[in-house]
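>>> how does the following fold in three dimensions:
(chains A and B)
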Amino acid sequence: MTLLLKQIFAFFKLLNSDTGTNPLAAGLTCGIILGFAPFISLQTLLIFLLVFIFRIQLGAAFLSAFFFKFVAYLFDPVADVLGQKFLQSPALRPLFVSLYNAPLVPMTRFNNSIVMGSMVVSILLAPLAFFIFKALILKYRETVLARFKETKMWKAFKATAFYNWYCKYDSLYGVHGN
Amino acid sequence: MKNETENKPKKIKKPKGPIRWEAIVPVTIIVLVMVLYFHFLFDLHLRKTMEWVGYQVVGAEVDVEKLETSFFKASLRIQGVNITDADQPKQNSISIGDIRFSMLWDALLRAKIVVNEVAVEQIEFNKIRKTPGKVKPPEPVTPEKDSAMSKEAEKVKGLALNQIEKKGEDNVLGDIVAMLGGSSSDMQLEKLNQSLISKEKAKALEADFQKKQTAWQERIKQLPQGKDFQMLGDRLGKVKTSNFKSPQELQDSLKEIDSILKEGDAKLKVVQTANSDFNTDLKGAQDGLKDLDAQIKADIKDLEKHFKIPKIDAKSISMSVFKKYLAPYMEKVNKYKAMYEKYAPPNLIKKKDGSNEEPEIAIQPRPRSKGVTYEFGRPNSYPLFWLKKTSISSQAGASPYSGDIKGQITDITSNQVLTGKPTVIDIAGDFPPQNIRGTDLKIVLNNTTSVSKADLTFKVGSYPLAEKEFVQSPDVKIGFKKAQGSLLVNAHLEAYKDLKMKLDNQFKNIDYDVSSKDAVADSILKNVFAGIPQVSLVAEANGLLPHINFDIESNLGSELQKGFQKQIQLKIDEARKKIEQYVQKEIAQHKEKIEGQINQLKSQVEKELKKVQDQAEAQKKAAESKTDQAKKDAENQGKKKLEEEGKKAVDDLKKKFGL
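Here you go, the predicted structure:
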């Protein structure tokens, strides 16, 4: 429970920070793929590499992966059926034979029905999810955050010594955005 | 209070590019740390892990002296593997000097493990350890942990042993010796504390039949009597069957006859039902007598066992002699069988008897599904795992526990259908320090066909036997002081279920150690064994795992049978006769009484039923003939009347026309 709350608070901190929407949305999207893929697989490694090399929000990616792992667990029976349909398809068989015998590709474990089903769903959802997340983040910042900043409570809090101290601390020790 | 942060001018942040350049240094550090770990510490950790896993699997300490890995060569070398013998911790069950192999990167990049050749060198058995090895204590059995699998393993462990013990006729030779020394008059049958089961059964049968007899006598009294049928007959006699004045009269007569018939039929049915019930009861009584006879035979057999009347047949004697010799080997076989059932893939040991499924515990999240894994093989592609060749070699002389062994294991793979080759194990050698020669092991595991087959041939040309006991009881002792043995085992396992195994053990140059406390038995034993230069032992195991039938045959059994037959057969026959007479005497009285009762009741009831039935049928016949008569009479009267009317009509016509 503590871990879960920590993740949620970290996410809100990111949302309320100056972090750009694209890195945040990209992080959340990568989290979908991470959540649906098995932990020990090539696609997980590739996503980690992408996340480390490019300015994709790490925290958002891990948080999103954490939540989408539960979704994937619930989605398993559907993924199994979908994956089996794909893998048993005669039209795709020559492709799968080539892929199975090619270097590196078997490490994606695509020949497992659940992995295949989850992979198909996550790859199809990823582009759509990116734009949805981006829109939602923008909307949140424009409406909720802006409104909150206009409230008397927030203005009063901003005037406190504690807030000044926090800003100083954050500027010296905090990890800012990218 | 002013906000300090608002007074300071905001720093203009330089926009950062898409690539996280600042991650280079941390990533480099991480990679460097990993490289250093794999270079310095990985081998040590892997070695410790192998020792720990080995300890968990085997249940005894496993030591690995040295382990070397190479990432670029994908190779592994293990030196000094010692596996402690769990039964004798001061020695190793097996020690291997050197194991080395390297995997193909071509296959590794395809997530497959293919090894061209594995070398296994310097194998030794029963080597003395420098320090006694640790042995895993047995796990405490708790009700919750007692899973279906462990129950099944325990069942398998004891099953074969029970088979041998059951067939082993616990102490046949001891019983023979006791019989030789004693006499049949020692059997004090009269002092038997428990009553015979057949006697109790006879008493119960007698009481039951007594009740039935009473019930039948009552029932016969309630059956329709002769006077009832006579009354019906009288009623029938009064019914008009001719000279009917009108159709109504005919109708009334027919109605009355019909009513009498129906009454008669009802009474007849009662009699017929009684007849059928009686036949059923009679059959039940006769079946009861048959069961009683069977129980008498069982009681005789039990008493023979109770008074230890031995069976002088070669098979029982062979079982009794070699039971102790074979039992430890069967225990070892069952131990490895239990280990196999614990670790083998579930689809290989699927239980088809429909039992032993662990019940699902409710209200728990389902475990993560595993899905279905497909293998998209093609000819000449790599299977998931393939060990093409394992070369085994060892030379005698390095230690007193080593041998001259040479052999190879080919095509250990996860998918034999893809490789198209069965797994073949072929190892041969000698152990000169231990005088074991001509050892040859050949195993073929073939899963390329629809039904998997495993064949095993294990031969030992000659091995020494010293101080081997076969029978050690207060009455008799049989063993070998010294002998030379040879062994041939053939086994065939189909679909991992259907087992056929034959073990042929020959012993020659035997120095017997035979004695008995009874002088006659001692003399017989010594004479018999003096005339047996070679002993053969043939054990067979057949059946569907884990329910295997064992059978032991030996020339020792037939020789001992011949030797004891003359001396003891008369005594055995006398004892058996005494037992049979005792049992028959106890039962005869009751049996005779029951038979008498059955016969008496049978004749009485059958006679009565037949009498009543005959009367009923006679009356029924009479009623039916009366009905026919009435109908015929009415028909004739009708015809006559028609004729007369016709004639009258003609006469009238004639008169009218003046003819």
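>>> can you list the buried residues in stretch B:106-114?
B:Ala107, B:Arg110, B:Ala111, B:Lys112, B:Ile113, B:Val114 (16 or more other CB atoms under 10 Å in any protein chain shown). Bear in mind the C-beta positions are built from the backbone N, C-alpha and C, glycine included.
>>> between these, which sits nearest chain A?
B:Ala111 (3.8 Å; CB to the nearest CB).
>>> helix, strand, or coil at that closest one?
In three-state terms, and counting by DSSP: H, G, I helix; E, B strand; the rest coil, B:Ala111 is coil.
>>> isn't it right up against A:Ala102?
No: contact criterion CB atoms under 8 Å: B:Ala111 and A:Ala102 do not qualify, at 10.4 Å.
>>> need the contact list for B:Asp212.
You called it Asp, but residue B:212 is Lys. B:Asp281, B:Ala285, B:Leu601 (CB atoms under 8 Å, 6 or more residues apart in numbering or on different chains).
>>> where does B:Val53 land in three-state SS?
helix.
>>> how deep is it tucked in, by neighbour count?
Neighbour count of B:Val53, defined by other CB atoms under 10 Å in any protein chain shown: 11.
>>> check what pLDDT it gets.
pLDDT, B:Val53: 95.
>>> what is the burial count for the residue of the stretch 501-650 of chain B found nearest chain A?
As assessed by CB to the nearest CB, chain A sits closest to B:Leu545 within the stretch 501-650 of chain B, at 31.5 Å. Neighbourhood size, B:Leu545 [other CB under 10 Å]: 17.
>>> surely it touches B:Tyr496?
Yes: shown here, B:Leu545 and B:Tyr496 form a contact pair, counting by CB under 8 Å, at 7.4 Å.
>>> check the gap between B:Val489 and chain A for me.
The spacing between B:Val489 and chain A, counted by CB to the nearest CB, to the nearest Å, is 41 Å.
>>> list the buried residues for the helix or strand harbouring that residue?
For B:Val489, the host element (DSSP states H and E) is strand B:476-494. Across strand B:476-494, burial judged by 16+ other CB under 10 Å covers B:476-480, B:483, B:485-489, B:491-493.
>>> one step back: ok, and which of the buried residues of stretch B:106-114 reach chain A?
B:Arg110, B:Ala111, B:Lys112 (CB under 8 Å from any CB of the partner chain).
>>> out of the residues you listed, the closest to B:Ile568 would be?
B:Lys112 (68.9 Å; CB to CB).
>>> list the contacts of the residue nearest to the closest one when sequence neighbours are not counted.
Leaving aside its chain neighbours, B:Lys112 sits nearest to B:Tyr382 (4.2 Å; criterion: CB to CB, 6 or more residues apart in numbering or on different chains). If you count contacts by CB under 8 Å, 6+ apart, B:Tyr382 has them with A:Asn101, B:Asp106, B:Ala107, B:Arg110, B:Lys112, B:Val114.
>>> could the buried residues of strand B:476-494 go into a markdown table alongside distance to A:Lys149 and pLDDT?
Formatted as a markdown table, the buried residues of strand B:476-494 follow (distance: CB to CB, whole Å; pLDDT from 0 to 100):
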| residue | distance to A:Lys149 | pLDDT |
| --- | --- | --- |
| B:Val476 | 103 | 80 |
| B:Lys477 | 101 | 84 |
| B:Ile478 | 101 | 82 |
| B:Gly479 | 99 | 84 |
| B:Phe480 | 99 | 83 |
| B:Ala483 | 99 | 89 |
| B:Gly485 | 95 | 91 |
| B:Ser486 | 95 | 93 |
| B:Leu487 | 90 | 93 |
| B:Leu488 | 91 | 95 |
| B:Val489 | 86 | 93 |
| B:Ala491 | 82 | 93 |
| B:His492 | 83 | 94 |
| B:Leu493 | 77 | 90 |
